[in-house]
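Student: here are the coordinates; sequence isn't available:
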């Protein structure tokens, strides 16, 4: 036993020195084409340059990101499997699900925060509401008649929170992916969809759907003509933004965490990455693993309150 213990003590620094010695798998728990996928792939490409090994992106969508997150939670803690996490997987799921296949608070080692994007509230072009006030009036006139799509936690909670704060009732239509929900919004199968800029902005700018408001507390430079939800409805406390961060399985060696954090921050500071995603309202915020741990704690509490206030029952 003593020999084994000594060997494992000696093994960790040597492992960290040679890490990474093979490709790394980055699991994106949402569909190809989603904001998480687009941003995750751009970061992975830059991180591969810093780390000297390819990072292979693997999409595992389903259950608001839970399927992909569960796979990382049970992976070996060796730095070769990482999660492109979001507010869905690492803050909100705990309050949305009665049971998770992992302990959200202890299953992951925080690696680094990537950045955030606001969402756009939009309706199908045939919906007779030219602004958010008119949409609320429509929903008040016929409770439950207005349908809305959701394929992620931020999409679901942002709309339920809006309905709750505006005092209206709308009917949720769940989707497996943001792009699929977008197709149905354009086609008129659903009336409303609140989604990140990556999915929504091109369709709003192309006139395929009608944008009504942004979910941040300030207007976005990417589409300054859209008011915030607070401005549109005369509210004060409405805010919901989607964010992205990377995590590894709990127990990943600290030296490996440090190397991954360095690579994440280098990608966040890369001007090409910043310029590429500025049009979708993406704001980078490099930081330490500890800063991400603190943020995750605060965000978990914030989302628990938002989900409770929106009267969303755990599934």
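Tutor: It's in. Note that the structure is predicted; figures quoted are calculated from it, not measured.

Student: For the helix or strand encompassing residue 136, give the mean pLDDT please.
Tutor: Element membership for residue 136, per DSSP states H and E: helix 132-141. Averaged across helix 132-141, the pLDDT comes to 97.

Student: Next secondary structure element downstream of it?
Tutor: Counting by DSSP H and E, the next helix or strand C-terminal to helix 132-141 is strand 147-150.

Student: pLDDT on the following helix or strand past that following strand, on average?
Tutor: Sequence-wise, the next helix or strand downstream of strand 147-150 (DSSP H and E) is helix 153-166. Taken as a whole, helix 153-166 has a mean pLDDT of 90.

Student: Packing partners of the next helix or strand after helix 153-166?
Tutor: As assigned by DSSP H and E, the chain's next helix or strand after helix 153-166 is strand 171-174. Packed against strand 171-174 by the contact rule (3 or more Cβ pairs under 8 Å, 6 or more residues apart in numbering; DSSP states H and E) you find strand 147-150, helix 153-166. Any C-beta I mention is one placed from the backbone N, CA and C, and that applies to glycine too.

Student: Turn these into a markdown table, including distance to residue 236 and mean neighbour count.
Tutor: Output for the helices and strands packed on strand 171-174, formatted as a markdown table (distance: least, Cβ to Cβ, whole Å; neighbours: other Cβ atoms under 10 Å):
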| stretch | distance to residue 236 | mean neighbour count |
| --- | --- | --- |
| strand 147-150 | 23 | 23 |
| helix 153-166 | 10 | 24 |
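
Student: In JSON lines: the ones you listed, plus distance to residue 50.
Tutor: Listed next are those as JSON lines, based on distance: least, Cβ to Cβ, whole Å:
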{"stretch": "strand 147-150", "distance to residue 50": "35"}
{"stretch": "helix 153-166", "distance to residue 50": "29"}
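
Student: can you give me the offset of the helix holding residue 136 from its chain's centre?
Tutor: 28 Å (Cα atoms, centre = their mean, to the nearest Å).

Student: How about it, which residues are buried there?
Tutor: Across helix 132-141, burial judged by 16 or more other Cβ atoms under 10 Å covers 132, 135-136, 138-139.

Student: swap in stretch 257-265?
Tutor: Here stretch 257-265 shows 257, 259-265 as buried, counting by 16+ other Cβ under 10 Å.

Student: coming back round to it: out of the helices and strands packed on strand 171-174, which comes closest to residue 48?
Tutor: Nearest of the helices and strands packed on strand 171-174 to residue 48, taken as Cβ to Cβ: helix 153-166 at 27.6 Å.

Student: Now do that closest one against helix 132-141, angle only.
Tutor: Angle between the axes of helix 153-166 and helix 132-141 is 80 degrees (criterion: axes from the mean of the first three to the mean of the last three Cα atoms, to 10 degrees).

Student: Many thanks, I have nothing further to ask.
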